[in-house]
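*Asks:* Test case, fold it:
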Amino acid sequence: MTRRGERGLGLVELTISIGVTAMILSTLGLALVATLRGTATGKDQQHATQQLRNAFFWLNQDTQSGVASLASVAAGDVTLQWNDYSTGTIYMSRYEQVGSELVRTLTANGTPATRTVARDLIAGGFTASRLGDTMTYTLTVTNGASTQSRSESATMRVTDVLPTPFATVTPAPTSTTTATPTATASATATSTPTSTFTPTNTPTNTPTYTPTPTLTSTPTDTPTMTPTPTATATLTPTPTPTAASQPPVLADPVTNCTPSYSSSFTWSHTVGSGSDRLLLVGISMSQNSGATTVSTVTFNGQSLTRVASATDAGNIRAELWRLVAPPITTANVVVSLSANERPICGATSWTGVDQTTPLGTAATASGTTSGSGTNQPSVDVSSASTEVVHDVLAVDATNAVAVGAGQTQVWSQSSSGSVTTVRGAASTEPGAATTTMSWSGVPNSTGWAIVGAPIRPVTGTPTATPTATATGTPSGEWLQTGSYTGNGSAGRTISGLNFQPDIIIVRSDSGDAAVIRTSAMPAGEAKEITSGNSLNTNLVTSFGATSFVVGDDPLVNDPGTLYYWTAMKAGANVAVGTYTGNGSDNRNLDVTGFQPDWLITMADGDEDMFRPALVAGDASFRMDGSSSSSNRIQAIRPAGFQVGSHDAVNKSGDDYYWIAFDVTSKVVTGSYTGNGADNRNITGLGITPSFEWIKRSSATESVWRNDAVSGDRTLYWGTNNPVSNRIQSLIADGFQVGTNSEVNNNGSTYYYLALMP
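*Replies:* Numbering: from 1, shown residues only. Coordinates of the predicted model:
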């Protein structure tokens, strides 16, 4: 209502008032919505950031604890390993994306524990790559309206020396590499991962360079380097005192058989790609069927050797078996008994082990606990501070047992049935002058038996007086060549090697193809290098500590035929391994542990390929072919290689075997340009080769020879007769080529691999 003398709001005024009010309310509403939306977005961002921070906390600390030589890296699956010598604990930490979560599985002495360290990852949101000792991780997390991605790097330890359980987390380091001088020379070289030197002919057919007084090296952050010599270097190393040995390392997950009442037990075990390997298998059993013993133990078809055994008066028995240089593969361990029993079996694989005398003197003991529980299992093992003692215990009961002070339990299982009862266990302990391996918890009046043996480390080797070098200096003998005349006898042993080989190449002095066997191949089998062939028996059948064995196939042992052989030991210069095809294109196989400079893949039933790292693009060559092919070895990676989908390298379900060479002071790769001149010396390598392999970049077959081949004579991988006028000789600092287009066509590019013992 209105009072007298007052006028009410007119229609126009009322409409304007309502409009102004609506505008005010709308503005306030928009502001409120924006505030609420901003709050939600902020929470999303905070959540995503927290996931990234948590993940990198765990990734960085485990990476800084991990040992580079034990790491396994794939795009979304990383495994790191290390020992904590203060407690004797062996750690293995695995990171993998499971759905939208990043899961960390930490296995301590064989016992796994899993936790989620990040959530809300996008598909493929966890990737990892390796460059030398440095790991780089990238994580992408999405939450609500916020998607965040971050990359961080951390550096692993080079050697496994007395770490604490976890390294202190520090900001992501920037990796730098400093070359370690190991040899005297008169040249200047710069090391890069893709360098190529091209000799330029002078009247003496020697590449022209600009010498300087001393050799210096500035490597990049990639640890595998191909030198670019700028003068002819003469290496004159001077020995210095022997480096200290490091204790052997338990390198792979421990595995066990499934207990049952039987005479044969089979289970899968993986031997990783570390060097100087040893496989140990322990068996604990009762002997209720009589004097039951272990008849044989095999891995991948190769026989193990019994180290020692112990039996108590009540017929409880412990045994320890070994295999030096087991193949790098996942294969079956098979334990065969002389009668049915219910044993406990376990397998451990080690790296850094002396390959000539892998174990010291084993010790055994047996007894029966007293009525008051005394006389618990114990054995004294003579050892040293650089060794690790491994024991195996058998108890005639199922009660749990506990390790003694300083020991780390490796496994402990029990099995019982109507006719047999047993507790089997194993442990390790750092060595000392006398190492006591003891257990407690065995019930009163119970029989026990125990075996212990010290695992010996690789002996340290002299290094060279430091003045300058452009490459690493691997230790120990690794390459040897020779020849023999066939006699047609099956199971013929070729002896006289200075090491147990991981690679044997045999080639006749006639028109037969070469044969290659690696320690990653199944027992008794080798590959004839002719495209389409499967692995076969009766070729190179096995490796010994200082020998190899051939069958009576004419490819390796035809009566009266001359054969040349090349033996190599895996380590700093070369690595071997195997993988199973999955048919996927652009498949990354980060399995070599370094960036290969020359790579071979051999197919069980298809083509055998190789690729020098200097080759550009998607191109690789058949070992018995000429032109390059795509979709095979597509690329070289920092810790491996990439294959395509072709059956020659990646048919689903097929097995493949690889050999990777790393440039060191014993391995040189490079290229040169042909000029057509006869008796041409290609020098400046810095080594005197014992093995040389050359491939023209265009359509001619590759050729090779070792220093057991006499005169002007060169070999092929395939079924061609040896020829002259190719690699005419191996000389100091290089090699000599003739005029044939396979080695010296004017203007053509040639790649080479040179090896020195």
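*Asks:* okay, the one helix or strand residue 735 maps to in CSV with CA atoms only?
*Replies:* Per DSSP states H and E: residue 735 is located in strand 734-737. The C-alpha coordinates for strand 734-737 follow below in CSV (Å, rounded to 0.1, in the frame of the first residue of the first chain):
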residue,chain,number,x,y,z
GLY,A,734,94.8,-53.0,-38.5
PHE,A,735,94.3,-55.2,-41.5
GLN,A,736,95.1,-55.4,-45.2
VAL,A,737,92.6,-55.7,-48.0
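*Asks:* Grab the nearest non-local neighbour of the residue most central in space within the chain.
*Replies:* Centroid-nearest residue in the chain: residue 273, 2.8 Å away (criterion: Cα atoms, centre = their mean). Counting by Cβ to Cβ, 6 or more residues apart in numbering, residue 273 lies nearest to residue 328, which is 4.9 Å off, once chain neighbours are set aside. The C-beta positions use only the backbone N, C-alpha and C, and glycine is treated the same way.
*Asks:* likewise residue 386?
*Replies:* Residue 386 sits nearest to residue 245 (Cβ to Cβ, 6+ apart), 4.5 Å away.
*Asks:* same question, residue 272
*Replies:* Take residue 272 and drop its neighbours on the chain: the residue closest to it by Cβ to Cβ, 6+ apart is residue 252, 4.9 Å away.
*Asks:* Is it correct that that neighbour is in contact with residue 328?
*Replies:* No: counting by Cβ atoms under 8 Å, residue 252 does not reach residue 328; the two are 10.2 Å apart.
*Asks:* Now do the shared contacts for those two.
*Replies:* Common neighbours of residue 252 and residue 328, counting by Cβ atoms under 8 Å, 6 or more residues apart in numbering, are 271-272.
*Asks:* isn't residue 540 right up against residue 555?
*Replies:* No: using Cβ under 8 Å, residue 540 is not in contact with residue 555, being 9.4 Å away.
*Asks:* which one of these two has more residues nearby?
*Replies:* residue 540 (29 against 25; other Cβ atoms under 10 Å).
*Asks:* bridging residues for the nearest residue to the more buried one once chain neighbours are set aside?
*Replies:* If the residues on either side of it in the chain are set aside, residue 540 comes closest to residue 517, at 3.9 Å by Cβ to Cβ, 6+ apart. Residue 517 forms beta bridges with residue 504, as assigned by DSSP bridges.
*Asks:* Equivalent analysis for residue 612, please.
*Replies:* Here residue 612, judged by DSSP bridges, has bridge partners residue 598.
*Asks:* Roughly how far does it sit from residue 619?
*Replies:* Separation of residue 612 from residue 619 (Cβ to Cβ, to the nearest Å): 10 Å.
*Asks:* Which one's more surrounded, the two?
*Replies:* Between residue 612 and residue 619, counted using other Cβ under 10 Å, residue 612 has the larger neighbour count: 27 against 18.
*Asks:* before we move on, back to that, burial count for the residue nearest to residue 273?
*Replies:* Residue neighbour count, defined by other Cβ under 10 Å, stands at 24 for residue 328.
*Asks:* Then it would be within a helix, right?
*Replies:* No: under DSSP: H, G, I helix; E, B strand; the rest coil, residue 328 sits outside any helix and is assigned coil.
*Asks:* Got the domain ranges for this protein?
*Replies:* Domain assignment for the chain by automatic domain parsing gives 36-155, 249-455, 474-570, 572-664.
*Asks:* can you tell me which residues contact the closest residue to residue 356 other than its chain neighbours?
*Replies:* In this structure, residue 356 finds its nearest non-sequential neighbour in residue 545, 6.9 Å apart by Cβ to Cβ, 6+ apart. Listed by Cβ under 8 Å, 6+ apart, the contact partners of residue 545 are 324, 355-356, 500.
*Asks:* switch the cut-off to 10 Å
*Replies:* Taking Cβ atoms under 10 Å, 6 or more residues apart in numbering, we find residue 545 in contact with 324-325, 355-358, 495, 497, 499-501.
*Asks:* do residue 372 as well
*Replies:* 444-445.
*Asks:* Tell me how far it lies from residue 400.
*Replies:* 19 Å.
*Asks:* Residue 389 too?
*Replies:* Residue 389 is 22 Å from residue 400, by Cβ to Cβ.
*Asks:* hmm, back to that, what touches both of residue 540 and residue 555?
*Replies:* What both residue 540 and residue 555 touch, as defined by Cβ under 10 Å, 6+ apart, is the set 506, 515, 526.
*Asks:* doesn't residue 520 make contact with the last one?
*Replies:* Think residue 526. No: applying Cβ atoms under 10 Å, one finds residue 526 not in contact with residue 520, separated by 11.5 Å.
*Asks:* Give me the more crowded residue out of these two.
*Replies:* residue 526 (30 against 27).
*Asks:* quick one: contacts for the more buried one?
*Replies:* 504-506, 515-518, 535-542, 548, 550-551, 553, 555-556, 602, 657.
*Asks:* for it, which residues make a bridge with it?
*Replies:* residue 536.
*Asks:* Just the C-alphas of stretch 272-291, formatted as CSV.
*Replies:* Written as CSV, here are the backbone C-alpha positions of stretch 272-291 (Å, rounded to 0.1, in the frame of the first residue of the first chain):
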residue,chain,number,x,y,z
GLY,A,272,70.3,-63.5,-15.8
SER,A,273,72.9,-61.8,-18.1
GLY,A,274,75.6,-61.1,-15.5
SER,A,275,79.2,-62.2,-16.2
ASP,A,276,81.2,-65.0,-14.5
ARG,A,277,78.1,-67.0,-13.6
LEU,A,278,77.5,-70.0,-11.2
LEU,A,279,74.4,-72.1,-10.6
LEU,A,280,74.0,-73.9,-7.3
VAL,A,281,71.3,-76.5,-6.6
GLY,A,282,70.6,-77.8,-3.0
ILE,A,283,68.6,-81.0,-2.2
SER,A,284,67.4,-82.1,1.3
MET,A,285,65.7,-85.5,1.7
SER,A,286,65.1,-88.4,3.9
GLN,A,287,66.2,-91.9,2.8
ASN,A,288,63.2,-94.0,3.9
SER,A,289,63.3,-95.9,0.7
GLY,A,290,66.8,-97.0,1.5
ALA,A,291,70.1,-95.4,0.6
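*Asks:* Could you list the buried residues of it?
*Replies:* 272-289 (16 or more other Cβ atoms under 10 Å).
*Asks:* Return the subset of the residues you listed lying in strands.
*Replies:* Those of these mapping onto strands are 278-286, per DSSP state E.
*Asks:* For the closest residue to residue 554 other than its chain neighbours, give me its contacts.
*Replies:* If the residues on either side of it in the chain are set aside, residue 554 comes closest to residue 512, at 6.9 Å by Cβ to Cβ, 6+ apart. Taking Cβ under 10 Å, 6+ apart as the criterion, residue 512 is in contact with 506, 528, 530, 553-556, 558, 561, 563, 716, 718-721.
*Asks:* which SS state does residue 512 fall under?
*Replies:* coil.
*Asks:* State the distance from it to residue 343.
*Replies:* For residue 512, the distance to residue 343 - Cβ to Cβ - is 46 Å.
*Asks:* all helices for the chain, in order.
*Replies:* Using DSSP state H, the helices of the chain run over residues 11-65, 554-557, 647-650, 741-744.
*Asks:* hmm, back to that, least confident pick among the contacts of residue 512?
*Replies:* pLDDT across these is lowest for residue 530, at 82.
*Asks:* and that one, how many neighbours?
*Replies:* Neighbours of residue 530 using other Cβ under 10 Å come to 18.
*Asks:* now it, nearest residue through space, not along the chain?
*Replies:* With sequence-adjacent residues excluded and distances taken as Cβ to Cβ, 6+ apart, residue 530 is closest to residue 513, at 4.6 Å.
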